[in-house]
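> pasting the sequence and the predicted coordinates here, then a few questions.
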Amino acid sequence: MSDTIQEIEYVVAEEESGTRLDLFLSEKLSGVSRSFLQKKIKEGNVLVNQKAAKAGLKLEAMDLVTVFLEPPKELSIEPEDIPLAILYEDEDIIVINKPKQMVVHPAPGHYSGTVVNALLYHCKGSLSGINGVLRPGIVHRIDKDTTGAIVACKNDYAHNFVAEQLKEHSITRTYHAIVQGHVVSEEGTIESTLGRHPVDRKKMAMNVKNGKRAVTHYKVLDALNGRYTYICCSLETGRTHQIRVHMSGMGTPVLGDTVYGPGKCPFSLTGQTLHAKTLGLIHPRTKRYMEFDAPLPAYFQKLLQQLKK
């Protein structure tokens with residue numbers, strides 16, 4: 001193989017025995033599509049025990065899977081003069097209220113108009129570099145159509161300090177949502193494992209093989225008109241799509257969520273009615289606890305009034 005090709009090896013664990021080759025690699029190589037991996041397998045760039053294999057091959061414990069991939073190309077992400085709703089800023093961190101339809105960091109199909117593009121311009125390039133060229137300053141993210149508070153870091157010290165709090169689940173993250181249906185219990189806790197959906201790799205699912213622990217605490221804020229409920233969710237863990245999957249699993253999907261809820265929405269909404277309302281953390285320099293509140297977007301407030309009638 002050429003020196004420009006990256007060789008990656010995995011040994012199949014006992015609990016992974018019986019997994020299809022393409023699914024196995026989808027779990028290992030986050031951010032790489034299953035169709036791309038199937039193409040690489042077909043081209044002979046994936047070996048199982050040093051032999052070419054098919055995408056549907058069922059792996060056995062102790063199998064050696066070798067993948068040959070071209071290293072990712074370094075992309076130049078340009079600063080863009082995009083207005084930011086800044087909730088707080090100092091020499092170490094910046095907290096913003098992210099609007100709908102704004103992607104947090106560049107990814108295939110979204111290399112401009114992201115939070116990172118805006119931060120690069122606003123912070124004059126003064127952002128932590130731990131997450132590489134595509135995600136400078138980014139410690140955590142929220143979905144494209146989820147609004148609300150996120151924090152970015154301006155130096156590596158601050159980044160590591162905040163990232164450690166995320167790892168320990170000590171950061172306060174409270175979301176407000178409107179869900180479809182009547183939530184019976186005034187408050188409760190949903191606990192499950194959460195991982196990639198076994199068939200649709202763009203979705204997450206509860207209680208799947210090799211899933212990670214996910215805990216959401218919820219409380220009813222307003223019963224509205226009985227057909228919808230206004231709730232507050234506090235994250236004990238922060239898994240991808242956690243609130244959306246947990247609410248859907250409870251039979252009360254987030255209003256506007258066409259991925260985990262009904263395919264059609266009775267209102268003219270752009271994605272799920274989910275807002276990251278409160279973010280609390282220990283400041284990396286002062287070591288004092290700080291809490292930031294992101295006001296509800298106008299569409300959310302208008303919808304609440306409408307649903308109370």
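It's in.

> and stretch 163-173, what's its mean pLDDT?
For stretch 163-173, mean pLDDT is 93.

> and the closest residue to I5 other than its chain neighbours, how far is that from L59?
Distance criterion C-beta to C-beta, 6 or more residues apart in numbering; nearest residue to I5, sequence neighbours excluded, is F68 at 5.2 Å. For glycine as for every other residue, the C-beta is placed from the backbone atoms N, C-alpha and C. To L59, F68 is 18 Å away according to C-beta to C-beta, to the nearest Å.

> when the two are compared, which one has more neighbours?
The residue with more neighbours, out of F68 and L59, is L59; 22 against 16, by other C-beta atoms under 10 Å.

> mind checking how far the more buried one is from T286?
Counting by C-beta to C-beta, the gap from L59 to T286 is 50 Å.

> please parse this protein into its domains.
Following automatic domain parsing, the chain resolves into domains at 6-69, 74-168, 174-276+303-307.

> in TSV: the ones you listed, plus distance to D293.
Converted to TSV, the domains of the chain look like this (distance: least, C-beta to C-beta, whole Å):
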stretch	distance to D293
domain 6-69	32
domain 74-168	8
domain 174-276+303-307	9
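
> of those, which is nearest M290?
Proximity to M290 (C-beta to C-beta) singles out domain 74-168 among the domains of the chain, at 7.4 Å.

> can you pull up the most central residue in this structure?
Residue closest to the mean C-alpha point of the chain, counted by C-alpha atoms, centre = their mean, is T240 at 4.0 Å.

> how about it, what does it touch?
For T240, the contacting residues are L194, M204, by C-beta atoms under 8 Å, 6 or more residues apart in numbering.

> can I get the least confident helix or strand in the chain by mean pLDDT in PDB, CA atoms only?
Ranked by mean pLDDT, DSSP states H and E, the helix or strand of the chain with the weakest confidence is helix 34-42, at a mean of 86. Extracted in PDB, the C-alpha atoms of helix 34-42 (Å, rounded to 0.1, in the frame of the first residue of the first chain):
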ATOM      1  CA  ARG A  34     -22.300   2.900   5.600                       C
ATOM      2  CA  SER A  35     -22.500   3.200   1.800                       C
ATOM      3  CA  PHE A  36     -19.000   4.600   1.700                       C
ATOM      4  CA  LEU A  37     -17.700   1.600   3.700                       C
ATOM      5  CA  GLN A  38     -19.600  -0.800   1.500                       C
ATOM      6  CA  LYS A  39     -17.900   0.700  -1.500                       C
ATOM      7  CA  LYS A  40     -14.500   0.300   0.200                       C
ATOM      8  CA  ILE A  41     -15.300  -3.300   1.000                       C
ATOM      9  CA  LYS A  42     -16.300  -4.000  -2.600                       C
END
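
> surely R227 and H182 touch.
Yes: under the criterion of C-beta atoms under 8 Å, R227 makes contact with H182 at 7.3 Å.

> what about G263, distance to G256?
Distance of G263 to G256, given as C-beta to C-beta: 12 Å.

> more neighbours: which of the two?
Each of G263 and G256 has its neighbours counted (other C-beta under 10 Å); G256 has more, 23 against 6.

> circling back to that earlier point, which among the domains of the chain is found nearest to P297?
domain 74-168 (5.2 Å).

> I'd like the distance from that closest one to the chain centre, please.
Domain 74-168 has its C-alpha centroid displaced from the chain centroid by 14 Å (C-alpha atoms, centre = their mean, to the nearest Å).

> now swap in stretch 182-201 and tell me
15 Å.

> do stretch 242-261 as well
That offset, for stretch 242-261, works out to 15 Å (C-alpha atoms, centre = their mean).

> ok, stretch 259-271 next?
With C-alpha atoms, centre = their mean as the basis, stretch 259-271 stands 19 Å off its chain's centre.

> what do you get for stretch 175-187?
21 Å.

> mind saving the C-alpha coords of it as CSV?
Presented in CSV, the C-alpha positions along stretch 175-187 are these (Å, rounded to 0.1, in the frame of the first residue of the first chain):
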residue,chain,number,x,y,z
TYR,A,175,-33.8,21.8,27.6
HIS,A,176,-37.4,23.0,27.0
ALA,A,177,-39.5,21.1,24.6
ILE,A,178,-43.1,20.8,23.3
VAL,A,179,-44.0,17.2,22.9
GLN,A,180,-47.0,15.6,21.2
GLY,A,181,-49.5,13.9,23.5
HIS,A,182,-50.3,14.1,27.2
VAL,A,183,-47.4,13.3,29.5
VAL,A,184,-49.1,11.5,32.4
SER,A,185,-46.5,11.8,35.1
GLU,A,186,-45.7,15.3,36.3
GLU,A,187,-42.0,14.3,36.5
